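**Q** no sequence for this one, just the structure:
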């Protein structure tokens with residue numbers, strides 16, 4: 001019984017050693033190395049902000065933009081394929097879109113078309129946090145649905 005308590009306490013103690021040990025090694029610095037403070041807030045990508053980025057004119061205008069500019073891939077149209085492409089991107093402090101990544105797509109053609117569509121987008125109204133523009137991560141689902149005959 002005593003041995004079981006020892007093993008249980010070691011399960012808690014061992015992870016603490018691994019957390020503390022790197023801190024001890026990393027905090028040791030030579031006296032001739034100077035640390036320069038770096039402002040990383042400019043590079044931070046937020047997922048939640050006070051005022052979220054938005055397409056010019058709002059979400060309804062974004063849906064109109066998609067409807068107007070989406071070109072259903074011919075190969076998928078002929079095959080009768082439908083689906084949803086999930087794309088993520090970063091709205092930069094100036095409203096431009098970067099880091100466009102297709103997270104999920106039913107077909108490569110739908111992914112390619114969604115990528116083209118997002119790159120075609122005009123600059124967005126940037127997100128803000130504490131009164132200043134910030135970078136924000138933004139996910140979008142683009143549905144490919146064939147019209148009913």
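**A** Received it, and whenever you're ready, just let me know what you need. Just so it is clear, the structure is predicted and the values come from calculations on it, not from any experiment.
**Q** Which stretches in the chain count as helices?
**A** Taking DSSP state H, the helices of the chain run over residues 2-27, 59-69, 74-79, 108-120.
**Q** Low-confidence bits of this protein, can you list those?
**A** Across the chain, the ranges flagged by pLDDT under 70 are 1-41.
**Q** ok, longest strand in it?
**A** strand 132-144 (DSSP state E).
**Q** Report the angle between it and helix 108-120.
**A** Per axes from the mean of the first three to the mean of the last three CA atoms, to 10 degrees, the angle that strand 132-144 makes with helix 108-120 is 150 degrees.
**Q** List the pairing partners of strand 132-144 within its sheet, with orientation.
**A** With DSSP bridges as the test, strand 132-144 is paired with strand 45-46 (parallel), strand 83-91 (antiparallel), strand 127-129 (antiparallel).
**Q** Residue 129 contacts residue 49, correct?
**A** Yes - contact criterion CB atoms under 8 Å: residue 129 and residue 49 qualify, at 4.7 Å. For the C-beta atoms, the positions are set from N, CA and C on the backbone; glycine is no exception.
**Q** would you turn the strands paired with strand 132-144 into a markdown table with mean neighbour count and distance to residue 117?
**A** Shown next, in a markdown table, are the strands paired with strand 132-144 (neighbours: other CB atoms under 10 Å; distance: least, CB to CB, whole Å):
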| stretch | mean neighbour count | distance to residue 117 |
| --- | --- | --- |
| strand 45-46 | 16 | 22 |
| strand 83-91 | 19 | 9 |
| strand 127-129 | 19 | 21 |
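**Q** a markdown table for the ones you listed, including distance to residue 111?
**A** Listed next are the strands paired with strand 132-144 as a markdown table, based on distance: least, CB to CB, whole Å:
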| stretch | distance to residue 111 |
| --- | --- |
| strand 45-46 | 22 |
| strand 83-91 | 6 |
| strand 127-129 | 26 |
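**Q** Show me the one of these that comes nearest residue 141.
**A** Checking those against residue 141 by CB to CB gives strand 83-91 as the closest, at 5.2 Å.
**Q** just how off-centre is the closest one within its chain?
**A** Centroid displacement of strand 83-91 relative to its chain, using CA atoms, centre = their mean, to the nearest Å, is 9 Å.
**Q** that older thread, between the strands paired with strand 132-144, which gets nearest to residue 56?
**A** Minimum separation from residue 56 across those (CB to CB) falls at strand 83-91, 11.8 Å.
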